[in-house]
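Enquirer: With the input below, show me the fold.
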Amino acid sequence: MTVQTDLKKALAAAQSALGSYETFAESTQDQAAKQMYQELASDMQRHVDVLNSRLTYLSNINPLNQQQQ
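Expert: Model (predicted):
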């Protein structure tokens, strides 16, 4: 398994968690829980952004990608 494959799996999991936290925040009437889920979603969005950035970087430096251009 390649690093890129692992990153894609991690990204998919992070995006799933982000969606869950956003859904939980919308579903609850408890303001403390809503705030907690919103904070978790915000943190997870940062994770998604970092993983996307790393995946893009790896895609751009991959020698196999350079040969195709």
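
Enquirer: Nearest residue to Ala41 in space, please, no chain neighbours.
Expert: Tyr21 (3.9 Å; C-beta to C-beta, 6 or more residues apart in numbering). For the C-beta atoms, the positions are set from N, CA and C on the backbone; glycine is no exception.

Enquirer: Test my guess that that neighbour contacts Leu40.
Expert: Yes: because the distance of 4.5 Å satisfies C-beta atoms under 8 Å, Tyr21 is recorded as touching Leu40.

Enquirer: looking at the protein, which helix or strand is least sure?
Expert: helix 63-68 (a mean of 58; mean pLDDT, DSSP states H and E).

Enquirer: quick revisit: more neighbours, Tyr21 and Leu40?
Expert: Regarding Tyr21 and Leu40, a neighbour count based on other C-beta atoms under 10 Å identifies Tyr21 as having more, with 20 against 17.

Enquirer: so how far is Ala14 from the more buried one?
Expert: 11 Å (C-beta to C-beta, to the nearest Å).

Enquirer: Find the residues that touch each one of the two.
Expert: Common contacts of Tyr21 and Ala14, defined by C-beta atoms under 8 Å, 6 or more residues apart in numbering, comprise Met44.
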